[in-house]
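Chemist: sharing a sequence plus its predicted fold:
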Amino acid sequence: MATPFSKLGINTALQQSLEALNITEPTVIQTKVIPVILNQKEDVVALAKTGTGKTAAFGLPLLQLIDVDNTDIQSVILAPTRELGQQIYNNLLSFAAHSPEISIASICGGTPIKPQIERLKTDTHIIVATPGRLVDLIARDAINIKNCAYLVLDEADEMVSALKESLERIVKAIPKTRRTLLFTATLPGTVKQLIQNNLSKHVVQIEVEMATVGHLGIDHQYVVVEPIEKLNVLMHFLNARVGERGIIFCKTKAAVNKLAKNLAINKFSSGAIHGSLTQGIRDRIMTQFREGHIDILVATDLAARGIDVKEVSYVVNYHLPDTYDAYVHRSGRTARAGATGLALSVIQEEEVVDIPEFEAELGISFKRYEKADAQSIEENNGLLWAKKIFKAKPNRAISEDFKSKIKTIFHHLTKDELVDKILANYIAETKTITEKPVISKKKKKH
């Protein structure tokens, strides 16, 4: 039987909030981390994948440790993206529903800075911030974190790689006597260096077994394709999972845009997010995805941080990530909160040799996913073509006279006969395109 939150030392007010949220049993990471934060004084390094309940693991004890009579900012929580920061902020508000005396502020980038400056003029106990925005506020002398007692680094591996300079400036601005709580899904050399340089010598390291809990419920597969058939194989896969939610990862913003455009042309319920889009657009797309208005999200790695959607049934690596750490973060978007999910990597023949290395490094095993045969791909493309026709909006500019003439041509056909003829025409046209001979230019004789 799981240890209840009361046995971990969580107070009554926080327990009431958890009950209202229908959170009754702590996760493994919460069971291990909460007593350490509450009862010990050392810095903490917690290694656990996303979706294991990290926010409550540090959020609940921090809320409990707040001195409400002290008006200083006592806890600084850093997240690599606004999406993750906003998610943490909303979770903390929910946890503190029965503790109204605790004041929490979100000061993340991508939103106007002036309202945040005004907000910080009122008493604030906890701030949730993105590094860039916090550095900006420090530079403007709009925030005082000189008396901060706790610094939380969430998704530290991502912050070290992408936001190292801002992170270093923040660490220097916070007193050395603070207690640092570092959470990460992976432990690359950059994070080890951060720990060595900025945390105390006596660190409590807590790990949720990555080879078991970290990949529990995820079915890892790969499919081998030729470059020319990559999109068609992906669309066949997606068409078989209509109605399910999934995330497709690409390496670059340009690749995200290109793939998202192709999916939109083929009438897939999809949207795209990457760092070059405005925060307003990213927020709108994320809201549509979270609320189920779109089924497929195409994203870069960093833009997808903070996506906590329990019903993501699959993740597709349209490009195999460069690092093992990135694979952990990508695959961790599915199989959340005890669910199961599929992580499918679409690779080329020369990348097959990389699969055993991923298996050995991450303690997982891949199965080969057999791609659809040529006939299935052809039929799938036909279905997509039919969907495009079905979803096409009528052109009101076409004259009634012209429409009448077209109707006269088809008026004697039944519905089945009309479908047969349209389909025959589609197949004939697609074959003409695919079988069109390549005419090479003859070399000139000299």
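Modeler: Cool, got the structure.
Chemist: low-confidence ranges in the chain?
Modeler: Counting by pLDDT under 70, the chain has low-confidence residues at 1-2, 50-51, 161-162, 209-216, 303-308, 337-338, 431-446.
Chemist: surely residue 111 is in contact with residue 279?
Modeler: Yes: assessed by Cβ atoms under 8 Å, residue 111 is found in contact with residue 279 at 6.5 Å. For glycine as for every other residue, the C-beta is placed from the backbone atoms N, C-alpha and C.
Chemist: now do the shared contacts for these two.
Modeler: Common contact partners of residue 111 and residue 279 (Cβ atoms under 8 Å, 6 or more residues apart in numbering): residue 82.
Chemist: can you tell me the SS state at residue 222?
Modeler: strand (DSSP: H, G, I helix; E, B strand; the rest coil).
Chemist: distance check, the residue nearest to it when sequence neighbours are not counted against residue 128.
Modeler: In space, and not counting its chain neighbours, residue 222 is closest to residue 345: 4.3 Å by Cβ to Cβ, 6 or more residues apart in numbering. Residue 345 is 33 Å from residue 128, where distance means Cβ to Cβ, to the nearest Å.
Chemist: of those two, give the one with the bigger neighbour count.
Modeler: residue 128 (29 against 26; other Cβ atoms under 10 Å).
Chemist: contacting residues for the more buried one?
Modeler: By Cβ under 8 Å, 6+ apart, residue 128 lies in contact with 77, 79, 85-86, 88-89, 92, 104-108.
Chemist: which among the residues you listed gets closest to residue 10?
Modeler: Ranked by distance to residue 10 (Cβ to Cβ), the contacts of residue 128 are led by residue 92 at 14.1 Å.
Chemist: which other helices and strands does the host helix or strand of the closest one contact?
Modeler: Secondary structure assignment for residue 92, by DSSP states H and E: helix 82-95. When contacts are defined as 3 or more Cβ pairs under 8 Å, 6 or more residues apart in numbering; DSSP states H and E, helix 82-95 sits against helix 12-20, helix 54-65, strand 104-107, strand 126-129, helix 279-290.
Chemist: for the second one, C-alpha coordinates in PDB please.
Modeler: Taking Å, rounded to 0.1, in the frame of the first residue of the first chain, the C-alpha atoms of helix 54-65 are listed here in PDB:
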ATOM      1  CA  LYS A  54       8.000  16.300 -10.100                       C
ATOM      2  CA  THR A  55       6.100  19.500  -9.600                       C
ATOM      3  CA  ALA A  56       4.300  18.200  -6.500                       C
ATOM      4  CA  ALA A  57       7.600  16.700  -5.300                       C
ATOM      5  CA  PHE A  58       9.100  20.100  -4.900                       C
ATOM      6  CA  GLY A  59       6.000  22.300  -4.900                       C
ATOM      7  CA  LEU A  60       4.200  20.700  -1.900                       C
ATOM      8  CA  PRO A  61       7.200  20.900   0.600                       C
ATOM      9  CA  LEU A  62       8.100  24.400  -0.600                       C
ATOM     10  CA  LEU A  63       4.600  25.700   0.000                       C
ATOM     11  CA  GLN A  64       4.700  24.200   3.500                       C
ATOM     12  CA  LEU A  65       8.100  25.800   4.200                       C
END
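Chemist: partners of the helix or strand just after that helix in the sheet?
Modeler: Proceeding N to C from helix 54-65, the next assigned helix or strand is strand 75-78, under DSSP H and E. Strand 75-78 sits in its sheet next to strand 126-129 (parallel), strand 150-153 (parallel), going by DSSP bridges.
Chemist: domains in the chain, as residue ranges please.
Modeler: Domain assignment of the chain by automatic domain parsing yields the ranges 5-207, 213-374, 394-437.
Chemist: run the chain-centre distance for the first one.
Modeler: Here the centre of domain 5-207 is set off from its chain's centre by 20 Å, with Cα atoms, centre = their mean, to the nearest Å.
Chemist: mind putting the helices and strands packed on helix 82-95 in TSV, distance to residue 412 included?
Modeler: Formatted as TSV, the helices and strands packed on helix 82-95 follow (distance: least, Cβ to Cβ, whole Å):
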stretch	distance to residue 412
helix 12-20	66
helix 54-65	66
strand 104-107	66
strand 126-129	68
helix 279-290	45
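Chemist: which of these sits most buried?
Modeler: Ranked by mean neighbour count under mean count of other Cβ atoms under 10 Å, these are led by strand 126-129, which reaches a mean of 27.
Chemist: just the CA coordinates for that strand, please, in CSV.
Modeler: This file holds the C-alpha atoms of strand 126-129, laid out as CSV (Å, rounded to 0.1, in the frame of the first residue of the first chain):
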residue,chain,number,x,y,z
ILE,A,126,7.2,32.3,-4.6
ILE,A,127,8.1,33.1,-8.2
VAL,A,128,8.0,30.8,-11.1
ALA,A,129,10.2,32.2,-13.9
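Chemist: residue contacts, residue 226?
Modeler: Counted by Cβ under 8 Å, 6+ apart, residue 226 has contacts residue 348.
Chemist: picking up where we left off before, as TSV, the domains of the chain with distance to residue 387 would be great.
Modeler: Shown next, in TSV, are the domains of the chain (distance: least, Cβ to Cβ, whole Å):
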stretch	distance to residue 387
domain 5-207	31
domain 213-374	5
domain 394-437	13
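Chemist: can I assume residue 298 sits in a helix?
Modeler: No: Residue 298 is assigned strand when assessed by three-state DSSP, not a helix.
Chemist: that one touches residue 270, doesn't it?
Modeler: Yes: counting by Cβ under 8 Å, residue 270 is a contact partner of residue 298 at 6.3 Å.
Chemist: list the residues that contact both of the two?
Modeler: 260, 263.
Chemist: okay, those two: which has more neighbours?
Modeler: The neighbour comparison of residue 298 against residue 270 (other Cβ under 10 Å) goes to residue 298, with 30 against 23.
Chemist: can you lay out the strands paired with strand 75-78 as CSV showing distance to residue 34?
Modeler: Converted to CSV, those look like this (distance: least, Cβ to Cβ, whole Å):
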stretch, distance to residue 34
strand 126-129, 17
strand 150-153, 14
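Chemist: between the ones you listed, which gets nearest to residue 283?
Modeler: The nearest among these, by Cβ to Cβ, is strand 126-129 at 16.0 Å.
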